[in-house]
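Engineer: Based on what follows, work out the 3D shape:
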Amino acid sequence: MERYNRQLLLPEIGEEGQARLKAARVLIVGVGGLGSPTALYLAGAGVGTIGLIDDDTVSESNLQRQVLYSEAEVNLPKALQAQKRLEALNSTIRIKAYPTRLTPDNAKAIISDYDIVVDGCDNFITRYLIDDTCASLGKAYVYGAIRAFEGQVSVFLYNKGEKRYRDLYPDEQEMLSMPPLPKGVIGVTPGLVGCVEAHEVIKIICGYGTILAGKLWQIDLKTMETYTILL
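Structural biologist: Reported below is the predicted structural model:
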C-alpha cells in the first residue's frame, strides 16, 4: 500500500476508502481539458476501473491545457493515448478506452457498466444525453463546464430524486440554438475545474464531505471569487 500511503493516512479514506476506490468504476466522457486532470487524479488515487470515451485526435492547440498528451502524440486518438498514459501512471488499475463518440445508440450500453459518469465534454447535446442516460440507469453524474477564466461543477442524480442537468438548463432547444461560445481559455481553468470534479468523484466513492448535489459551485479565476448556489 506504499503507493497510496499519503491518502491512507486520512481518516476520511483509510483502508476502507481505498478498497472502495479499487472497486469503483468511473466513466469519463471527453478526455480533453477537463478530462485530462480528472483522469490523472482518479488514476493516481487508485480508482479500479476508469473508462475513457472520446472520438477526437490530439491537436497541437490541445497541448496548452490537455496535460495527458505530448507533442509526439499529435494526430493520434485521444482515448488510446490517454489509456497508455494512465496505465504508465498506475499499472494496478484497469483503463478501458472507447475511441468513439457517445451517441443515443451506444450510451446505455457503455454507461451501464459504470457507477459514476464524469462530464469532460464541451457540448450541450452530449450533456443532455449523459443526463437522460444516467437518470434512466440510476447513475451519478459529475458535471463540469468552463469558459475563459470561469468554471462550474455540480453533482446530478446523486440519489433518487436529486437535481439533474435538465433542472439547471430545462430548455434544451434554447440551449442547442445558442451560438457557439468563444473558444478562448487559459489552461489552468480546466485544470482546476477538472480537479474539483475528480474530488467530487472520490468523495462520492469514499463517503465523506458534502457532495455538490443540488448545488452549483462556480469560480472566477480572475478574481478568485467562488459561489455555491442551490438548484
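
Engineer: Next one: the residue lying closest to Asp113 once chain neighbours are set aside relative to Pro37, how far apart?
Structural biologist: Leaving aside its chain neighbours, Asp113 sits nearest to Arg25 (6.7 Å; criterion: Cβ to Cβ, 6 or more residues apart in numbering). Where C-beta positions appear, they are placed from N, C-alpha and C, glycine not excepted. Remark: distance between Arg25 and Pro37 (Cβ to Cβ, to the nearest Å) = 20 Å.

Engineer: element containing Asp105?
Structural biologist: Assigned by DSSP states H and E, Asp105 falls within no helix or strand.

Engineer: Count the neighbours of it for me.
Structural biologist: Residues lying near Asp105 (other Cβ atoms under 10 Å) number 8.

Engineer: Dead centre of the protein: give me the residue that sits there.
Structural biologist: Val118 (3.2 Å; Cα atoms, centre = their mean).

Engineer: Let me know the secondary structure of that residue.
Structural biologist: What DSSP: H, G, I helix; E, B strand; the rest coil gives for Val118 is strand.

Engineer: Dig out what it forms beta bridges with.
Structural biologist: Ile28, Val142 (DSSP bridges).

Engineer: Make 371 the first number, not 1, from now on.
Structural biologist: Sure, I'll start numbering at 371, so the last one becomes Val488.

Engineer: tell me the pLDDT at it?
Structural biologist: Here the pLDDT value assigned to Val488 is 98.

Engineer: any idea where the strands of this protein begin and end?
Structural biologist: Remark: strands assigned in the chain by DSSP state E are 395-399, 419-423, 464-468, 486-489, 510-517, 520-526, 585-590, 595-600.

Engineer: Could you identify which of these is most buried?
Structural biologist: strand 486-489 (a mean of 27; mean count of other Cβ atoms under 10 Å).

Engineer: Leaving out sequence neighbours, find the closest residue to Leu391.
Structural biologist: Gly416 (4.8 Å).

Engineer: May I have the phi/psi pair for the one you found?
Structural biologist: For Gly416, the backbone dihedrals are phi 100, psi 20 (criterion: degrees, to the nearest 10).

Engineer: these two touch, right, it and Arg464?
Structural biologist: No: contact criterion Cβ atoms under 8 Å: Gly416 and Arg464 do not qualify, at 11.3 Å.

Engineer: Cys565 and Ala505, how far apart?
Structural biologist: 26 Å.

Engineer: quick one: low-confidence parts of the chain?
Structural biologist: Within the chain, no stretch falls below the threshold (pLDDT under 70).

Engineer: Could you tell me how many residues sit around Glu430?
Structural biologist: Applying other Cβ under 10 Å, I find that Glu430 has 10 neighbouring residues.

Engineer: what about the closest residue in space to it that isn't next to it in sequence, neighbour count?
Structural biologist: Distance criterion Cβ to Cβ, 6+ apart; nearest residue to Glu430, sequence neighbours excluded, is Val444 at 5.5 Å. Residues lying near Val444 (other Cβ under 10 Å) number 15.
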